[in-house]
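Participant: Need coordinates for the below:
(one chain, ligands or ions: 1)
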Amino acid sequence: MAVVATAQALLKEGVAKLVQLSGFSETQLVQLAVVAVIALGLVLLLNNVVATLRIPSIKVELTEAEANDIISAPKYTPGQPVDKDVVPCYDPSTMQLLGHLPAMSASEVRSRIARCKAAQKEWRTSSFAQRRKLLRILLKFIIENVETICRVSARDSGKPMLDAILGEVVVTCEKIHWLSREGEAVLRPERRSAGILSFYKSARVEFHPVGVVGAIVPWNYPFHNVLNPLTAALFAGDGLVIKVSEHASWSTGYYGRMISAALAAAGAPADLVQIVTGYGEAGSALVTGGVDKVIFVGSTQVGKMVMRAAADTLTPVVLELGGKDAVIVTEDADLDNLVQVVLKAAFLNCGQNCAGGERFFVHEKIYDKFLERLTPLVAGLRQGNPLGDAPVDCGAMCMPGLAEKVHGLVTEAVSRGARLLAGGVLVPSGERGGQFYPPTLLADVRPGMKIWEEEVFGPVMSVIKWSTDDEVVALANDCDFGLGSNVFAGSQARARSIASRLEAGMSSINDFATTYMCQSLPFGGVKHSGFDRFAGVEGLRGLCVPKAVAEDRFPLLMRSSIPPAWQLPLPPHAVAFGVSLVTMFYGPGLLYQARGLASLLHCLVFPGAYAKKKQGQQQAARAGKAKST
Ligand SMILES: NC(=O)c1ccc[n+]([C@@H]2O[C@H](COP(=O)([O-])OP(=O)(O)OC[C@H]3O[C@@H](n4cnc5c(N)ncnc54)[C@H](O)[C@@H]3O)[C@@H](O)[C@H]2O)c1
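Facilitator: Numbers count the residues shown, from 1 in each chain. Down below sits the predicted model:
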């Protein structure tokens with residue numbers, strides 16, 4: 001209160017002085033201040049408008065299948081024999097054939113890496129302002145073309161438009177926004193303490209571009225999976241060679257043209273980004289083809305192969321692998337709110353999410369109520385072609401054979417006692433019209449079932465009953481994967497305490513996977529979900545070589561030189577000098593340090609004493625030896 005009163009008194013005094021000096025009345029001064037604030041606001045607004053208008057716009061022509069929801073195209077049947085040099089592209093919701101892309105050979109991949117390397121040599125010296133310009137050009141294009149971007153992703157991967165907005169566009173915009181605002185500060189040289197003995201040095205870490213990043217990505221988010229490594233790598237000054245999945249390559253036609261146009265508009269070298277299409281062999285060639293760092297996003301099984309191959313060339317790898325995230329619900333959680341959240345956790349992108357909710361641990365006190373609320377909602381989800389006439393909540397499975405694999409896990413669980421409350425029926429492929437698997441609700445899932453252990457990567461909500469916090473932590477940790485985790489509880493402290501005991505790379509409290517919306521945070525897992533981090537401060541710095549630099553802080557006053565006691569040939573007091581120095585600098589407490597200082601001074605003042613001491617010791621040793629023989 002006293003502080004407020006003093007501030008008020010000072011303000012009054014200041015205003016009175018202003019009135020006296022300016023000749024204006026108090027009211028006129030207030031009016032002037034308001035006008036000044038409005039004028040400043042207008043200037044800032046105008047500045048923002050001009051800056052936005054000055055961001056170059058890019059144009060990308062569209063093909064018929066990119067521009068329209070309904071198209072006419074022949075049907076495709078997966079597994080149909082095709083030339084091994086091509087990748088067939090089809091819409092998994094309608095099975096319409098969209099075209100073929102080249103399955104690149106190892107030599108083609110190596111030549112792409114070489115082109116990227118040459119371009120990166122130029123880009124590595126670009127300013128942060130130029131890199132931000134590139135990001136803004138991309139952002140402007142994305143905002144002006146959200147629907148087309150989503151349509152193209154929906155056609156290629158089978159996801160509904162809203163799922164594309166959330167999973168492809170929002171996260172990409174968030175990433176660009178974070179990189180533009182905070183990226184430069186993250187990559188600026190960082191001061192570090194120089195230590196005790198080097199107290200006269202200045203130490204820092206400089207973040208230099210790693211070179212060419214080789215990214216290998218899956219099919220679940222064809223837009224974000226490309227833009228995610230691209231924006232970070234280019235902002236770090238790297239080039240990017242990206243191998244997209246053979247199950248979602250068609251969209252790279254449109255996204256690739258967008259990237260080329262953005263590079264040109266930003267004045268960046270055209271070869272800085274290379275998109276590789278093809279199968280596993282092309283990915284394998286990328287790992288061993290001379291890139292400076294590999295970011296692999298995909299299954300645990302292929303991740304192990306990538307790591308083995310990278311060992312040969314000592315290429316560093318980041319592994320972002322499978323997940324089987326736990327969603328824990330305590331008895332006092334806000335059920336009304338979380339019902340819609342858990343539906344998104346399980347069924348967004350038809351469950352084809354690395355950090356999707358797969359295991360729903362619900363407290364025994366609300367277990368039945370939870371299932372009662374969820375059953376009609378899951379059963380009522382509408383599924384079909386996202387670009388068709390009827391509205392849909394769930395789309396198709398992007399990868400051929402995934403619906404059958406998911407169904408196998410569901411039927412095995414049911415045969416072992418799980419209760420099927422919704423979905424779980426696989427319509428014969430001829431009648432489905434696309435690669436669909438229905439949203440499925442399974443209760444009473446238990447250890448011993450395959451679905452307990454294996455990643456589903458599909459639209460299945462497995463519900464598990466628990467009674468104590470210790471039990472739910474043990475159940476959730478009984479899993480090979482450890483990517484994300486989510487805890488819902490009435491008490492935030494309890495949720496935090498449960499989350500802190502979960503073996504996972506990420507935890508969202510009273511929310512689902514929200515850590516990914518905070519793009520300053522690292523993304524990645526533990527156990528079979530991989531290691532190292534992509535995204536966030538750690539991920540951005542991971543795209544750089546963290547170079548340690550130390551130099552004299554005051555070069556005119558003090559610089560490193562070898563003290564006489566350590567100059568070659570070594571004098572007899574060299575070791576004693578070293579021992580004294582170590583004791584003086586690192587002694588645990590003043591007593592030791594004073595002892596070190598005293599012995600150091602002794603070394604410096606009476607260096608000859610050590611030669612005599614040594615001589616005496618050697619004579620005594622010789623005399624002792626003669627006596628004993
Ligand atoms: N942790 C994450 O960030 C994250 C994100 C999305 C998906 N995923 C995981 O991805 C998996 C689904 O994707 P998928 O089926 O495309 O995975 P996948 O491992 O089969 O394929 C991923 C990529 O690796 C390539 N590839 C295949 N064999 C290769 C080899 N020998 N060497 C190099 N590259 C090779 C593929 O062509 C594809 O581009 C799931 O397990 C999912 O959890 C993880």
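
Participant: What is the neighbour count of S520?
Facilitator: By the criterion of other CB atoms under 10 Å, S520 has 13 neighbours. C-beta: built from backbone N, CA, C; applies to glycine.

Participant: nearest residue to it other than its sequence neighbours?
Facilitator: Spatial nearest neighbour of S520, chain neighbours left out: G536 (5.5 Å); criterion: CB to CB, 6 or more residues apart in numbering.

Participant: now that neighbour: how far from the ligand?
Facilitator: Per CB to the nearest ligand atom, to the nearest Å, G536 is found 13 Å from the ligand.

Participant: Could you say which helix or strand holds the closest residue to the ligand within the stretch 201-350 of the chain?
Facilitator: For the stretch 201-350 of the chain and the ligand, the shortest gap (CB to the nearest ligand atom) falls at G283, measuring 2.2 Å. When elements are assigned from DSSP states H and E, G283 belongs to helix 280-288.

Participant: Check which helices and strands that helix sits against.
Facilitator: Using 3 or more CB pairs under 8 Å, 6 or more residues apart in numbering; DSSP states H and E as the contact test, the elements touching helix 280-288 are helix 106-123, strand 212-216, strand 239-243, strand 273-276, strand 293-297, helix 300-313.

Participant: Is the ligand within reach of the first one?
Facilitator: Yep, that's helix 106-123 we're talking about. No. Helix 106-123 does not reach the ligand (CB under 6 Å from any ligand atom); its nearest approach is 10.5 Å.

Participant: List the buried residues for that helix?
Facilitator: By neighbour count with 16 or more other CB atoms under 10 Å, helix 106-123 contains the buried residues 109-110, 112-117, 119-120, 123.

Participant: touching the ligand at all, stretch 226-233?
Facilitator: No. Stretch 226-233 lies out of reach of the ligand by CB under 6 Å from any ligand atom, never closer than 9.0 Å.

Participant: how many other residues sit next to the residue nearest to S520?
Facilitator: For G536, the neighbour count with other CB under 10 Å is 23.

Participant: One more: L230?
Facilitator: Neighbour count for L230, taken as other CB under 10 Å: 25.

Participant: likewise G458?
Facilitator: 24.

Participant: Next one, pLDDT for it please.
Facilitator: On the pLDDT scale, G458 is placed at 98.

Participant: Within the helices and strands, which one has it?
Facilitator: Counting by DSSP H and E, there is no helix or strand that carries G458.

Participant: Just give the nearest non-adjacent residue to it, would you?
Facilitator: Excluding its sequence neighbours, the residue lying closest to G458 (CB to CB, 6+ apart) is V406, at 3.6 Å.

Participant: okay, now N337: neighbour count?
Facilitator: By the criterion of other CB under 10 Å, N337 has 10 neighbours.

Participant: oh sorry, the question was meant for Y90
Facilitator: When neighbours are counted by other CB under 10 Å, Y90 registers 25.

Participant: Can you verify my assumption that it contacts Q96?
Facilitator: Yes. With contact defined as CB atoms under 8 Å, Y90 reaches Q96; the gap is 6.2 Å.

Participant: For these two, list the residues in contact with both.
Facilitator: Taking CB atoms under 8 Å, 6 or more residues apart in numbering as the contact rule, Y90 and Q96 both touch Y76.

Participant: Write out the residues of the stretch 151-300 of the chain neighbouring the ligand.
Facilitator: Counting by CB under 6 Å from any ligand atom, the stretch 151-300 of the chain comes close to the ligand at 216-220, 243, 245-246, 279-280, 283-284, 287, 297-299.
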